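[1] Need coordinates for the below:
(4 chains)
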There are 2 protein chains.
Amino acid sequence: MEKKNSGTVGVKEIARLANVSIGTVDRVLNNRVGVSEKTKAKILKIIEELDYQPNIFARRLASKKKLRFATLIPQVSDETKYWAAPLNGIQQAASEIKDFGIEVIPFFFDQNNRASFLESTAKIIPQDFDGILMAPMFEEESIVFIQQCNDRKIPLVFINSDIPGYNNLCYIGPNLYQSGFLSAHIANYLTPASKKILIVNISKEIDLHHHLLRKEEGFRNYFEQNGSKNQLTKIDIQQTDYPHIEQKLSQQLAKDQYNVVFVTNSRVATVAKYFEEHKIEGIKLIGYDFLEDNIHYLKNKTIDFLICQKPQEQGYRGLMSLYYHLVLHANIEKEQFMPIDIITKENYQYYSN
Amino acid sequence: MEKKNSGTVGVKEIARLANVSIGTVDRVLNNRVGVSEKTKAKILKIIEELDYQPNIFARRLASKKKLRFATLIPQVSDETKYWAAPLNGIQQAASEIKDFGIEVIPFFFDQNNRASFLESTAKIIPQDFDGILMAPMFEEESIVFIQQCNDRKIPLVFINSDIPGYNNLCYIGPNLYQSGFLSAHIANYLTPASKKILIVNISKEIDLHHHLLRKEEGFRNYFEQNGSKNQLTKIDIQQTDYPHIEQKLSQQLAKDQYNVVFVTNSRVATVAKYFEEHKIEGIKLIGYDFLEDNIHYLKNKTIDFLICQKPQEQGYRGLMSLYYHLVLHANIEKEQFMPIDIITKENYQYYSN
DNA sequence: ACTAATTTCGTGTACGTTACCGTTAACCAA
DNA sequence: TTGGTTAACGGTAACGTACACGAAATTAGT
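    Take a look at the predicted model:
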C-alpha cells in the first residue's frame, strides 16, 4: 500500500521512515559501528519490510573500495597447452569485474618444478591479497600455502584439482573418478563384449600421477561393477618425450592385441601420433582435453573420443566465485563439478570450452 | 605521458581539454543534435586519444531510459516439458538485466495451435517493444510477424529453430543437420558393421516435422558419406498418445530385427516406455533432450544416448544478445550454434542445460 | 553538578553521467 | 534597426550511495 512513489526505495526513504538520517541507515547497512542497538533494530526491520535492495550502480559509483585477487596456475608450456584455457577464462572474468574495482594479478609456476611453485607462493603471501585462485597441483607445498592463507583469512578457490578436507571457499573442476567411469562406459560400447583394454598414464610428476590414478580408479570400477570379463592392462610412462613414449608403446603393444586404449590425460595426441606413424588401425583411442593436437587426431579419426571438462569455465567461474563471495556476500557451492563432455569428430566444431 | 591524474578520464576531463562544457561532450557521446561538426570532430579526437570508456555505473544511475523486450515461445505442456528450460534461461537473463532498466514480458503459444500463435503476435505488435525473442515454429505465420517487426525496425532474435534468409538480429540454437550427423556417428559405434536402423519421427504439426527432417537428413547423409551398408528405415507417427505410438511401433518392429532406433526428438521417452513394457532388449536407443522422463530411461539403460543442445542457454543468450545489441551496441554473431552435447547414464548428473 | 570521554547521529560533499533548462550568438525577414 | 527563430553550447540538479567531519547526546569520572 505504502508505495505510491516511483518504485525505488533507497536509504533516503528508509531514513525517513525510521526518523533518522541517511548516515545512520548507511551505518547499519554496511554494519559499521556507531549506532545503538535500538535504532539498528528499527532500521533493520524497515529494511526487511521494504525488501530493500541497494542500488549496485550508486554503490559502485560512490565506493572507492578496491579488491585484489591473485591467481596461481601452471604456465602454459609447449608440452601441453592445457592451461591456456583456464588462463583465458581467468582473463575474461578479470575484464568483466574490473569495473567493479577488482584487480587480478596472475602468478604462474612450472608443472615440472616444485621449487617454482614455492617461489610464486612466496611472492603472493606478503602482498595480502583479498582472494586467491589456485591449482593446488603439488599437494605438500600447497598445504603449507593454504595454511598461511587460512591464518590470514584469505578466501581460496581451487580449480582443476582438489585437496579434499582443506578448508577453502570452493573447488571448481572435474570429478575425476566419474570421468574415468564415463570413459569406461564409452569404451564398453566400442567393441565386442570381451575386450582387451590398455590404460596409459603419461606423466612425470608423481603428484599429477595422483590425479590420473583417480580417473583410472573410476575406469576400472566401472568394469568391476558391471561384472565384465574385460582384460585391463596399465602402463606408466614417466618420460614425456616422444621417443621414449614410442618405445614404451611398441614394447607394450607387441605383448598383446588391444581393442581400446585409454589415455588418462591430454597426452593422448602423442599416442595418436604413434598410431599414425606405425599404421596401427582398429584400436579405439580415448583421451582427454580439447587441445589443438588432440583435435587434429580426432578429425582424422585416430582418436575416437575426447573427454573434456570446460577448462576455460573453470578459470572463469573460479574468479567469479571469489567475486560473488567477497562483493555480493553470496554463499558459494563448496564443490562445483564441471560437466563431463564427450567430444567426437562430429561435434567438436561447436564445443565451447 | 599526459595522465598524471588519478586514472579516470570522464566527460569533465574531455570537456576541459576541448574547451567546451560537459553538456557538449554529452551530446557527441550520445550523438544527439546540437553540436557543430568542428567541435564534434575535436571532441571525438580527444575521446579517441584518451580511449575514454564511459562509466557504466554513473550512466545507469543517471539514465532513466527504459527498454522493453517481449519473448514468444511455446508454453510448457504436459506432453513435453522441453520449453521449461528456455523459459528458465529467459527468466534468469531477465533478472540479470532488470537493474539495467530492462523489462521483459513473456508471451506464449500452443505448439499444436497456429491460431494461438497469431493471437500472441497480435498482442505483441501494438505494444511497440524494443526487442523481441521468439521461437519461429510456424513458418508461414512467423514470416508475417517478422515482416511487421522489420517494418517497425524492432530487432528480433530466433531461438531453437531458424527461418533462414529472414533478416533479424541472430539465431541461437542447434545445427539440426549436424546433430543428426553426430547421432549417426554414435549409432555407428554401437553395433556390428552392418546394422539395421530405424528412424522414428513423432510429431503432430507439419512445421515441426520440418525441424525433424533436417536431423534425419544429417543422420542419413552420415551413412551415405561413410559408404556404409546399413539399412535405414523410417516411420512417421503423427499422433502423440501412447496407445497410438505403441501400435505403430509394434507394427514396425514386427517387420524386422533392428539394432538401433533413433528418435528424432524428445519423445524418445515414449519409445523407451514401449521398450520397457514389451521387454525389448538389445536395441540401442538414441534420442533428444535432457528431460526428466528421458533421464529416467537413461538411468535404467533403456535409452543409451541423449543428444542435448542447452535449451536453457538458448533462452539466456537470446535475451542477452538483445541487451548487448541495444544497450552496448555490440555486434552480434548472426548464427550462434549450440554445442551438441552427448548425455549418457554416466555423465547426466553433471550436465548443465 | 561539572567536565571529559565516548557513543550516537546529522550534514555535506563526492562519484561520473544524464537530461533538462537557459543562455548566447548568428541569421533572416520585415 | 528590430524582432523572432534557431543552432550551438553552458550550467546544473538529479541519480543513490559512501564517507569524512563535526555536532549532539549519552555515559563515565570526579
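[2] show me the contacts for residue A:342.
    Residues near residue A:342 by Cβ atoms under 8 Å, 6 or more residues apart in numbering or on different chains: A:182, A:186, A:305-307, B:341-342, B:344, B:347. Heads up, the C-betas are built off the backbone N, CA and C, glycines and all.
[3] Tell me the secondary structure at it.
    Applying DSSP: H, G, I helix; E, B strand; the rest coil to residue A:342 yields a three-state assignment of strand.
[4] Specify the beta-bridge partners of it.
    With DSSP bridges applied, residue A:342 shows beta-bridge pairing to residue A:307.
[5] measure it to DNA strand C for me?
    Per Cβ to the nearest atom of the strand, to the nearest Å, residue A:342 is found 46 Å from DNA strand C.
[6] Same check on residue A:270?
    Residue A:270 is 52 Å from DNA strand C, by Cβ to the nearest atom of the strand.
[7] Need the nearest residue in space to that residue, chain neighbours excluded.
    residue A:245 (5.3 Å; Cβ to Cβ, 6 or more residues apart in numbering or on different chains).
[8] ok, residue A:35 - how many residues close by?
    18 (other Cβ atoms under 10 Å in any protein chain shown).
[9] Do I have it right that it meets residue A:27?
    Yes. Using Cβ atoms under 8 Å, residue A:35 is in contact with residue A:27, at 4.8 Å.
[10] What ranges does chain A have for its helices?
    Ranges of helices in chain A, per DSSP state H, are A:11-18, A:22-29, A:37-50, A:56-62, A:84-97, A:114-124, A:139-151, A:176-190, A:206-225, A:242-255, A:268-277, A:292-299, A:311-326.
[11] among those helices, which is nearest residue B:322?
    Among these, the nearest to residue B:322 by Cβ to Cβ is helix A:84-97 (19.0 Å).
[12] Looks like residue A:276 contacts residue A:303 (just checking).
    No. At 10.2 Å, residue A:276 does not count as touching residue A:303 under the criterion of Cβ under 8 Å.
[13] quick revisit: show me which of the contacts of residue A:342 are buried.
    The neighbour-count criterion (16 or more other Cβ atoms under 10 Å in any protein chain shown) marks A:182, A:186, A:305-307, B:341-342, B:344, B:347 among the contacts of residue A:342 as buried.
[14] would you turn those into CSV with distance to residue B:190?
    Formatted as CSV, those follow (distance: Cβ to Cβ, whole Å):
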residue, distance to residue B:190
A:182, 16
A:186, 11
A:305, 13
A:306, 19
A:307, 19
B:341, 18
B:342, 13
B:344, 12
B:347, 17
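[15] would you list the residues you listed in a markdown table and tack on distance to residue B:91 and pLDDT?
    Shown next, in a markdown table, are these (distance: Cβ to Cβ, whole Å; pLDDT from 0 to 100):
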| residue | distance to residue B:91 | pLDDT |
| --- | --- | --- |
| A:182 | 31 | 97 |
| A:186 | 35 | 95 |
| A:305 | 35 | 97 |
| A:306 | 34 | 98 |
| A:307 | 32 | 97 |
| B:341 | 22 | 97 |
| B:342 | 27 | 97 |
| B:344 | 29 | 97 |
| B:347 | 26 | 96 |
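[16] State the distance from the nearest residue to residue A:134 once chain neighbours are set aside to residue A:157.
    On the basis of Cβ to Cβ, 6+ apart, the spatially nearest residue to residue A:134 that is not a chain neighbour turns out to be residue A:72, at 4.2 Å. Going from residue A:72 to residue A:157 by Cβ to Cβ, to the nearest Å gives 11 Å.
[17] what does residue A:103 give?
    According to Cβ to Cβ, residue A:103 stands 17 Å off from residue A:157.
[18] which one of these two has more residues nearby?
    residue A:157 (25 against 14).
[19] Can you give me the pLDDT of that one?
    You'll see residue A:157 listed with a pLDDT of 97.
[20] Can you name the residues in contact with stretch A:209-229?
    Under Cβ under 8 Å, 6+ apart, the answer for stretch A:209-229 is A:137, A:139, A:161, A:176-185, A:187-188, A:193-194, A:199, A:201, A:203, A:230, A:232, A:234, A:236, A:262, A:264-265, B:346.
[21] still on that earlier bit, common neighbours of residue A:72 and residue A:157, please.
    Residues touching both residue A:72 and residue A:157 (Cβ under 8 Å, 6+ apart) are A:132-134.
[22] who wins for most neighbours among those?
    Counting by other Cβ under 10 Å, top hit in the shared contacts of residue A:72 and residue A:157: residue A:133 with 31 neighbours.
[23] What's opposite it in the beta bridge?
    residue A:71, residue A:157.
[24] Now for it: which residues touch it?
    Shown in contact with residue A:133 (Cβ under 8 Å, 6+ apart): A:69-73, A:90, A:156-157, A:159, A:315, A:318-319, A:322.
[25] Of these, which is the nearest to residue B:123?
    If you rank these by distance to residue B:123 using Cβ to Cβ, residue A:319 comes first, at 42.6 Å.
[26] And that closest one, how close does it get to DNA strand C?
    According to Cβ to the nearest atom of the strand, residue A:319 stands 24 Å off from DNA strand C.
[27] Verify the stated contact: that residue with residue A:93.
    Yes. Using Cβ under 8 Å, residue A:319 and residue A:93 qualify as a contacting pair, with a distance of 3.8 Å.
[28] joint contacts of the two?
    Taking Cβ under 8 Å, 6+ apart as the contact rule, residue A:319 and residue A:93 both touch residue A:104.
[29] And the pLDDT at the nearest residue to residue A:281 once chain neighbours are set aside?
    Closest residue to residue A:281 apart from its sequence neighbours, by Cβ to Cβ, 6+ apart: residue A:275 at 7.8 Å. pLDDT for residue A:275: 97.
[30] Within its local environment, how many residues does the residue nearest to residue A:134 see?
    When counting by other Cβ under 10 Å, one arrives at 23 neighbours for residue A:72.
[31] any idea how far the nearest residue to residue A:85 once chain neighbours are set aside lies from DNA strand D?
    For residue A:85, ignoring the flanking residues on the chain, the nearest one in space by Cβ to Cβ, 6+ apart is residue A:311 at 3.7 Å. Per Cβ to the nearest atom of the strand, residue A:311 is found 35 Å from DNA strand D.
[32] Residue A:311 contacts residue A:289, doesn't it?
    Yes. Contact criterion Cβ under 8 Å: residue A:311 and residue A:289 qualify, at 7.4 Å.
[33] Great, nothing more from me.
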